[in-house]
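S.K.: Structure here, sequence nowhere to be found:
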């Protein structure tokens, strides 16, 4: 395994982060235990979860993922071996159910945090992330920002940081991050922390993969200049960037069809680009998954790549990708494909 530090901290984290969002829907508790055991043995010391998980979202199972992790901590005593990240859910635009009202108010964050701590059977969370903005924006599959009456919003960023500071001071949160956010918001959070002595965001968790490199447009420079590392999720485009869906195979029951918002990876240009990436991977004696993940591992603005899998064998291959180093010729060919079909699935 390769390691780095969580951006703007002294915490050592693996360059591969274990994603957990399928545990409780597509994966059982015993399968989650198996994945955590394997990942830790392979040197992965960074786990990511959220109060909203599992996904697909379901009010009956919401919170089960954190419960599984907490039960594993209790059984194994491995809490001190893991850098643990979780998230507080934002407004319920993407929820079929409301976890709570209040957005990122003090009472809402307090309820979310204390409930997560109880499920996780721990006294603190190393990285606590705001799952998405509390305002309408062009995140999560939206190409461009559009003004509308719904865009009216009171700027609550300073207040949110003040709420989070209280829990940092109490020792319940060590560091904070954002997720599904945009450049304007990242800079506003940095501005408020700089001028008002509030906690500074360490990371941003956004989608980033060969079919969606929109992070490079505005956020990558912020990551590098402001030391806010990317934790890319969907690094394999919900399975599209693997060998298993390349010949017209049935995708029913797979994550790419279970989540309607991810069907953008089924669009014609996404399929066309995937075919070209697959051919390039085979020319260089790699699986498409390995090449796709290796590309992300080598980006200097990436802190740790979040890898999730429903099958243990998939997880093994994905973790092993950390040992693959792409040479300049392969990277140049990847960029050539990207230039011809840029961001087909933002």
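M.R.: Nice, I can see it. Bear in mind that the values here come from a model prediction, so they are computed numbers and not experimental data.

S.K.: Please count neighbours and contacts with C-alpha atoms only from this point.
M.R.: Will do.

S.K.: What mean pLDDT does stretch 119-131 get?
M.R.: Stretch 119-131 comes out with an average pLDDT of 97.

S.K.: swap that for stretch 175-189, sorry
M.R.: Taken as a whole, stretch 175-189 carries a mean pLDDT of 95.

S.K.: go on, stretch 74-86?
M.R.: Stretch 74-86 comes out with an average pLDDT of 98.

S.K.: again, but for stretch 239-256
M.R.: Regarding stretch 239-256, the rounded mean pLDDT is 70.

S.K.: Stretch 317-333 now?
M.R.: This predicted structure assigns stretch 317-333 an average pLDDT of 98.

S.K.: That one: which residues count as buried?
M.R.: Neighbour-count burial for stretch 317-333 flags 318-322, 326, 330 (criterion: 16 or more other C-alpha atoms under 10 Å).

S.K.: again, but for stretch 305-319
M.R.: 305-310, 312, 315, 318-319.

S.K.: between those residues, which is nearest residue 52?
M.R.: If you rank the buried residues of stretch 305-319 by distance to residue 52 using C-alpha to C-alpha, residue 308 comes first, at 15.8 Å.

S.K.: Who's the closest spatial neighbour of that closest one, skipping the chain neighbours?
M.R.: Sequence neighbours aside, residue 19 is the residue nearest to residue 308 in space, at 4.4 Å (criterion: C-alpha to C-alpha, 6 or more residues apart in numbering).

S.K.: Quick check: that neighbour touching residue 44?
M.R.: No. Between residue 19 and residue 44 there is no contact, the gap being 10.9 Å when judged by C-alpha atoms under 8 Å.

S.K.: Give me the neighbour count for residue 89.
M.R.: Applying the criterion other C-alpha atoms under 10 Å, we find 27 residues in the vicinity of residue 89.

S.K.: for residue 113, same thing?
M.R.: Applying other C-alpha under 10 Å, we find 22 residues neighbouring residue 113.

S.K.: my guess is it meets residue 88, correct?
M.R.: Yes. Using C-alpha under 8 Å as the test, residue 113 is close enough to residue 88 to be in contact (7.2 Å).

S.K.: so how far is residue 153 from residue 147?
M.R.: 12 Å (C-alpha to C-alpha, to the nearest Å).

S.K.: now the helices: where do they sit in this structure?
M.R.: 29-41, 64-76, 106-120, 157-169, 183-196, 215-226, 255-258, 268-283, 288-297, 312-320, 328-340 (DSSP state H).

S.K.: among those helices, which is the most enclosed?
M.R.: Highest mean neighbour count among these (mean count of other C-alpha atoms under 10 Å): helix 288-297, with a mean of 23.

S.K.: which other residues reach that helix?
M.R.: 15, 209-210, 235-236, 241-243, 277-278, 281-282, 302, 304-305, 317-318, 320-322, 324-326, 331 (C-alpha atoms under 8 Å, 6 or more residues apart in numbering).

S.K.: relative to helix 328-340, how tilted is it?
M.R.: Computed with axes from the mean of the first three to the mean of the last three C-alpha atoms, to 10 degrees, the direction of helix 288-297 lies at 90 degrees from that of helix 328-340.

S.K.: please renumber so the chain begins at 30
M.R.: All right, first residue 30 from here; so that's helix 317-326.

S.K.: if you average pLDDT over helix 317-326, what comes out?
M.R.: Averaging pLDDT along helix 317-326 gives 98.
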